[in-house]
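> With the sequence up front, the predicted model follows.
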Amino acid sequence: MSSEEDRRALERFVAGLPVEADALAHGITARAVERSIVVEAVVNGLSDADPVARRRLAQRTARMPELDPRIASRLAVLAGVDDDEQVREASAEALRVHGLELPSEPAAGTAGARLPRDLVLRLRVSFVRSEAPPVVRAEDPDEAPGLLGRLHLEATGAARLELTRLPPAFVGTTPTLRATGWAGPIDVGRADGPVSADAAVTIRIPATAATIDDLVDRLVAGAELLLPEG
Amino acid sequence: MKHRPASQDSLISRLVEEFGLLELADRACARAGIPGREQPLAYCLVVLAGKADPARSKAGGQAERTYRLDPEAVDFPERLEAWAGVIARNLRAWAPVYDAIHDEADRYELTTLRGLIQARRFDDIADRMALELTLVLAGGPRLDEMSLALAREGAVSPRDYVFQTPLRRWVATSVVRVLPRDTDSLDDHVEVLAADDLVTTLETAAEEGTDVLAAYIAQVAALAGTRGLLADAITRADAFEVTLARLRPSSGQDPDLVTRIRAALVHEADQLQREQRAVDNMLAYVVLAMRVAPKLQRVVVLSLRLAGIDRLAVESLAVGMRRVVDDERQPTPRLVRLTQAAAVPKSRSKALAAIRTGPERRAAAMDPVARMLDELPPIVADLRAIAKHEQTDVHVVEVNRSSAAGELTAVDAVFGQVFRRYAMGRT
């Protein structure tokens, strides 16, 4: 199947026309493969040892109509901590152009940036099939496009929530998972390390007196990811 | 004489004042038939003259410098003129390809780069293409940014590509320097291209590239179980994870790479669904809000009728726009809210409000729009055809189209994405 056929299949689908399933699947996959290659290339360029290359790539991301979260995450890191001032400025400007939050300047003598305390991301936990791990998405997709999480339940009664494609503002933080449904809000888990540069993190949920089913029910009723106080 | 790199600014001043750089660029562009490329050519010459130029081993065993652009040398003017000619010929042959790679990368597309790929092995194609794209994107500014002013800023790298050699050869050589284990297979395939061979070479390379990448995509699609993905993205992604976990190293797959692609699969599926849901309101905005800017509106409508768009999609969009004229559900409250909140001219909100005052006023307001939609040609060949129909020039059409994309994005980012999917990236 040619790239032209892929493109036409997707154009028809968006226009609301019926599209043969294999053609649509192939078109989606082709776009996904190309997207991942381009993202890899841009992230590579933003990680280049040459500051001219980093600045050049940062400047061109400002021209992109849409910014992939992995690229945004990398820009956020560069804007905060790159050695080259022009790279920092170009990265910050690219984030501004895309209406994204800039990382705060790190306080003197501290490692990592301080972020707003009111940074909260509401989550939606749901079951797709009874035998599959519960799936986690952003309650408002516009807040975290593409965010995807899986809640893996362990035999010990503990659990872990693996999240990818978090908003750039979370990069470098160690967020807390809070259940917000019935019986009042309660913190149930904490990141086992800082959110990585490509916006992924694992939240560890220790075993408690409550059953796993209780935990899942609480999270399905309401969940959010937030930065800890202090 | 060994060339000592001077400061960029003093080098430029010397090239312009002492060696007539601008006049030389004019002559070279005129001879190559590429008017309007004088600034990029001058930029390329400046960067080339400033490159380190150590002696390298050549065929026959002798070591030679490649560029030999020494301002102190007696033959410098002749060598500068000669390199201007080389750069001009490569600009003529490769500028469209270079531009296309940059433009497409902005849209996360690789159509042109796929025609340049050198990979012969199936399992490294994605990484190879990512490397090649990195080299091009990081290897120089966009052509429309190349100028002496940019050169004076000093934002150049010793690795920069400045059309000193055909782009395909430069990519292949650069890849070899990064991945030296491939030296024997790639150097044998590098050749000097005349401009007339370009099309044939690209077509051949495209066939080879398409074969490899198409096979890769088919295998990833099977691995992802993307059949019916849009029906339940999460379910299919689950199946994909299970299949991924069963991969054996001997399968020749790269699980890490496929895992990265999985995130892109979910994103693409999600994005398509958003766009499909947004089409009706996007078309309603074009028909109802943009009617107060009729010239802009006509360019937008015609841009959605370009011949390069799938014919059935064009017809569906045209039917959708025509339906909006009489659809009293439009504008929806959401569209009105989005428009009021957007950084767009206030006339757009007023246009929507005026239609909601009653059926008679709506009919009167929409009558000219209905006539416009019915009278515009159902298909237009390209931007030039749009310009001719609107009795303007292509540049004006391009500006209007970009302006429309920006306005639609300001109202709703997905509106802009839908418009760009169909109407942008096409000439």
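Everything's here; your move.
> which strands and helices sit next to the helix or strand of chain A with the lowest mean pLDDT?
One helix or strand of chain A scores below all others by mean pLDDT, DSSP states H and E: helix A:212-221, with a mean of 74. Judged by 3 or more Cβ pairs under 8 Å, 6 or more residues apart in numbering or on different chains; DSSP states H and E, the packing partners of helix A:212-221 are strand A:120-126, strand A:148-153, strand A:176-179, strand A:186-191. Where you see a C-beta, it was placed from the backbone N, CA and C, and this is true even at glycine.
> who touches the helix or strand just after it?
Remark: after helix A:212-221, the chain's next helix or strand is strand A:223-226, criterion DSSP states H and E. Defining contact as Cβ atoms under 8 Å, 6 or more residues apart in numbering or on different chains, one finds that strand A:223-226 is touched by A:119-125, A:136, A:163, A:166, A:170, A:175-181, A:203.
> could you redo the last one with a cut-off of 10 Å?
Contacting residues not belonging to strand A:223-226 are listed as A:117-125, A:136, A:138-139, A:144, A:147, A:149, A:151, A:161, A:163, A:166-167, A:170, A:173, A:175-181, A:185, A:187-189, A:191, A:195, A:201, A:203 [Cβ atoms under 10 Å, 6 or more residues apart in numbering or on different chains].
> Quick one, which of the residues you listed are buried?
Listed as buried from the contacts of strand A:223-226 are A:121, A:123-125, A:136, A:138, A:144, A:147, A:149, A:151, A:161, A:163, A:166-167, A:170, A:173, A:175-180, A:188-189, A:191, A:195, A:201, A:203; burial here means 16 or more other Cβ atoms under 10 Å in any protein chain shown.
> Please list which of these are also close to chain B.
Taking Cβ under 10 Å from any Cβ of the partner chain as the test, chain B is in contact with A:L147 out of the buried ones among the contacts of strand A:223-226.
> right, and B:V314 touches B:I379 too?
Yes - applying Cβ atoms under 10 Å as the test, B:V314 and B:I379 come out as touching, 6.6 Å apart.
> longest helix anywhere in chain A?
If you go by DSSP state H, chain A has its longest helix at helix A:21-46.
> Using CSV, list the CA coordinates for the very next helix or strand once past that one.
The first helix or strand that comes after helix A:21-46 along the chain, using DSSP H and E, is helix A:51-61. C-alpha atoms of helix A:51-61 as CSV (Å, rounded to 0.1, in the frame of the first residue of the first chain):
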residue,chain,number,x,y,z
PRO,A,51,24.6,24.0,20.8
VAL,A,52,24.0,25.4,17.2
ALA,A,53,22.1,22.2,16.3
ARG,A,54,20.1,22.3,19.6
ARG,A,55,19.2,25.9,19.1
ARG,A,56,18.3,25.3,15.4
LEU,A,57,16.0,22.5,16.3
ALA,A,58,14.4,24.4,19.2
GLN,A,59,13.7,27.3,16.8
ARG,A,60,12.1,25.1,14.2
THR,A,61,9.8,23.5,16.8
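> and helix A:51-61, what does it pack onto?
helix A:21-46, helix A:69-81, helix A:85-97, helix B:76-106, helix B:125-138 (3 or more Cβ pairs under 10 Å, 6 or more residues apart in numbering or on different chains; DSSP states H and E).
> Quick check, A:E93 in contact with A:R63.
No - using Cβ under 10 Å, A:E93 is not in contact with A:R63; the gap is 11.2 Å.
> Which one's more surrounded, the two?
Each of A:E93 and A:R63 has its neighbours counted (other Cβ atoms under 10 Å in any protein chain shown); A:E93 has more, 17 against 12.
> which ones are touching that one?
A:E93 sits next to A:58-59, A:61-62, A:75, A:79, A:102 when contact means Cβ under 10 Å, 6+ apart.
> repeat that with 7 Å
Residues near A:E93 by Cβ atoms under 7 Å, 6 or more residues apart in numbering or on different chains: A:A62.
> mind giving me a markdown table with the helices and strands packed on helix A:212-221 and columns for mean pLDDT?
What follows is these, written out as a markdown table (pLDDT from 0 to 100):
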| stretch | mean pLDDT |
| --- | --- |
| strand A:120-126 | 83 |
| strand A:148-153 | 84 |
| strand A:176-179 | 88 |
| strand A:186-191 | 85 |
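> nearest to B:Y43, of the ones you listed?
When the helices and strands packed on helix A:212-221 are compared by Cβ to Cβ, strand A:148-153 sits nearest B:Y43, at 43.6 Å.
> Show residues contacting the closest one.
With Cβ under 7 Å, 6+ apart as the test, strand A:148-153 has contacts from A:125, A:133-137, A:159-165, A:212, B:266.
> check contacts around the nearest residue to B:P35 once chain neighbours are set aside.
Residue nearest to B:P35 in three dimensions, not counting chain neighbours: B:C29, with 6.0 Å by Cβ to Cβ, 6 or more residues apart in numbering or on different chains. B:C29 is in contact with B:35, B:37-38, B:41, B:88, counting by Cβ under 7 Å, 6+ apart.
> Appreciated, that's everything.
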